[in-house]
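Novice: Structure for this input, please:
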Amino acid sequence: MSIASILLRARDPGQGHNLAFGVVAVTLAAVIFCIDTYTDIEGAIAVLYVVSMLLAAQSMTRIGLLVIAAGCAALTFLSYAMTHGQEANLQETLRLFGALAALSVTTLLLLKTETARLNLLSTHSALSESEARYRSIFDRTRVALWERDYSKLRSYLMDVRAQGVIDIKAYARVNPTLVDHCGSLIKAVAANQAARELLGPNSSGMGIPQRALIAGQEKFLDMLQAIMNGDRTFEDKVEVQTDDGEEKLVLLSVSLPEDPAAFGRVVVSMVDITQRELALKARAEAQAELTKASRAAMAGAMSASLAHELNQPLGAIVINAQTLLRWLDREPPDLPAVRRSAERMIRDSQRASELIQNARRVLSSPNNDLENVDLGSLIDETIALMEHELQQSKTAVLVDYSPHIPTVSTVKIELQQVLINLMTNAIQAMDEAGCSERSIRIKMDQPDIEHVCIAVRDTGPGIGADAKDRLFAPFFTTKATGMGMGLSICRSTLEARGGRLDGTNHSEGGALFEMQLPIKPEAEHA
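Specialist: Prediction:
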């Protein structure tokens, strides 16, 4: 390692005059020495060595600064010895110490500044490496990533919250332009290659995001609510549209920073789950078709079996009835024989009834054991089972979870099937009517100490006047392809457990079905 590399620091980027500063500093120190030594100027000329140190600081390392400082101090002492060595006085001595003090203080400050500069360079280097690693991961990952500037959006939402707004959806209903305004406050800062491949160059470009990046209005409002609530993440499945007009279903994830100042670079990711959802839909449809086929096959087999097995007792009943009439036609009637014929008819009727009951048990759910069911959990599970149908029809489900509703002793699968049937009817009614607002509201209540009530209300066209009286009648339906058995079976299922099902129109529009369930069913219903 050369002496120059020890004394002179490496050249900073864009700076080519480090050596020049060092030469000027040395030259200035020599000039100051000559003036201080060979002129009659009175004053603390040696203090000007500070200027030489400041120039040297532009090019010298810490060791170089110490060498220059030592050199300046030596020149100060040498000049003092040459000019005042034999006849020094107090004033000249004070000037000497003043110059040395200024030189020492300046050197210490410059050493501190150099240390801070080195620390800053080290920190900048570490940040540059970290940024390079992050940028490499950001650009090369196969997950679609965006960096978006949410700072203006957050400031706006905080101002809205300061006005007392808690529910952003309710605020949006009063202010229809809220979604568009909030969307205009978001700026796309960067997008990786996967993002451009997912949506196309236009939708993934810089500037104000396209409508595809804002996704559906309801989901966008949910994200705004998460920002207002101070949540750290927001995740949901949303539908987006590419530059080619293709609709895709993606899993959207937004990492919301804790520091408000970091909202200038919010990372947003999208994972294309379109194929996965299509596969799940196909599997669900295949399972539904298989279930229908299995039920049809079972019903067909059971019908054939019943036709064969019921033929014998029914035929016996007919024969015994004919025999009974003959015994009655006798003069006098043979009452003992009549009695025997009647007893045989009763026996054969009971046999036919047992065959029907057995068929009913086979076709019904195999699990008829009562269990304590938490209605809130049951509703959540049912909504999860119907997630695909709700998403496909763009129907929102709003649940009023009452914390004081007790558990109900019932057959869980039966109650769930009733709830699924009511929700399915609501979805189909709103689809057929082409309703713009599609929502299902489920409310739990406890009208008395022995019963709980589940109300299912939709925003559809409601129940027609001609259908109210026959709503639960078997084989009555308002659907072109309906069988008219759904509501009839639902009411029979609840009544078999001591419950009740009623249907009417809500005062604010839409159909309202109320299930009243006993908390502890009677023994005869168990």
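Novice: what's the average pLDDT for stretch 513-521?
Specialist: Average pLDDT, stretch 513-521: 86.
Novice: Give the buried residues for that stretch.
Specialist: Residues 513-519, 521 are the ones in stretch 513-521 that count as buried (16 or more other C-beta atoms under 10 Å). Using the backbone N, CA and C atoms, a C-beta is placed for each residue, glycine as well.
Novice: Relative to residue 199, which of those is nearest.
Specialist: residue 513 (42.0 Å; C-beta to C-beta).
Novice: my guess is the closest one is in a strand, correct?
Specialist: Yes: the assignment for residue 513 (DSSP: H, G, I helix; E, B strand; the rest coil) places it in a strand.
Novice: Now do it against residue 153, distance only.
Specialist: Distance, residue 513 to residue 153, by C-beta to C-beta, to the nearest Å: 41 Å.
Novice: ok, residue 168 - contacts?
Specialist: 157, 160, 178, 221, 224-225, 228 (C-beta atoms under 8 Å, 6 or more residues apart in numbering).
Novice: again, but for residue 424
Specialist: 386, 389.
Novice: change the start of the numbering to 485 and stick with it
Specialist: That works, and once the first residue is 485, the last one we named lands at residue 908.
Novice: how about low-confidence regions in the stretch 685-834 of the chain?
Specialist: 687-700, 771, 774-797 (pLDDT under 70).
Novice: hey, where'd the strands end up in it?
Specialist: Using DSSP state E, counting those that start in this stretch, the strands of the stretch 685-834 of the chain run over residues 717-725, 731-739, 750-756.
Novice: for those, which one sits closest to residue 537?
Specialist: strand 750-756 (47.9 Å).
Novice: got a list of contacts for the closest one?
Specialist: Under C-beta under 8 Å, 6+ apart, the answer for strand 750-756 is 627-634, 679, 682, 697, 724, 732-741.
Novice: Name the residues that touch stretch 822-832?
Specialist: 797-798, 800-801, 804-805, 807-808, 811-812.
Novice: from the residues you listed, which ones fall inside helices?
Specialist: If you go by DSSP state H, these have 797-798, 800-801, 804-805, 807-808, 811-812 in helices.
Novice: ok so, going back, with distance to residue 728 as extra columns, can I get the contacts of residue 652 in TSV?
Specialist: Shown next, in TSV, are the contacts of residue 652 (distance: C-beta to C-beta, whole Å):
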residue	distance to residue 728
641	33
644	36
662	29
705	27
708	28
709	32
712	35
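Novice: could you flag which of those are buried?
Specialist: 641, 644, 662, 705, 708-709, 712.
Novice: Let me know the closest of these to residue 531.
Specialist: Taking the buried ones among the contacts of residue 652 together and measuring to residue 531 by C-beta to C-beta, the closest member is residue 641, at 59.3 Å.
Novice: My guess is residue 911 contacts residue 878. True?
Specialist: No: taking contacts as C-beta atoms under 8 Å, residue 911 lies outside contact range of residue 878: 9.9 Å.
Novice: excluding its backbone neighbours, what's nearest the residue nearest in space to the middle of the chain?
Specialist: Computing the C-alpha centroid of the chain and ranking residues by C-alpha atoms, centre = their mean puts residue 719 first, at 2.0 Å. Leaving aside its sequence neighbours, residue 719 sits nearest to residue 737 (C-beta to C-beta, 6 or more residues apart in numbering; 4.8 Å).
Novice: Next, count neighbours for that neighbour.
Specialist: 16 (other C-beta atoms under 10 Å).
Novice: Look up how far residue 604 lies from residue 544.
Specialist: Residue 544 is 17 Å from residue 604, by C-beta to C-beta.
Novice: cool, and residue 865?
Specialist: On the measure of C-beta to C-beta, residue 865 and residue 604 end up 58 Å apart.
Novice: Between those two, point out the one with more neighbours.
Specialist: residue 865 (14 against 10).
Novice: Find the helix or strand that the more buried one is a member of.
Specialist: For residue 865, the element it lies in under DSSP states H and E is helix 859-869.
Novice: Sort out which residues of that helix are buried, please.
Specialist: Those would be 859, 862-863, 866-867, for helix 859-869 by 16+ other C-beta under 10 Å.
Novice: from the residues you listed, which is closest to residue 886?
Specialist: For the buried residues of helix 859-869, the nearest to residue 886 is residue 859 (8.8 Å; C-beta to C-beta).
Novice: residues touching the closest one, list them.
Specialist: 889, 891-892, 928, 936, 938.
Novice: before we move on, back to that, identify the contacts common to residue 911 and residue 878.
Specialist: residue 922.
Novice: Between the two, which is the more surrounded one?
Specialist: More crowded of residue 911 and residue 878, by other C-beta under 10 Å: residue 911, with 21 against 14.
Novice: Let me see the contact set for that one.
Specialist: 873-874, 877, 879, 922, 924, 942.
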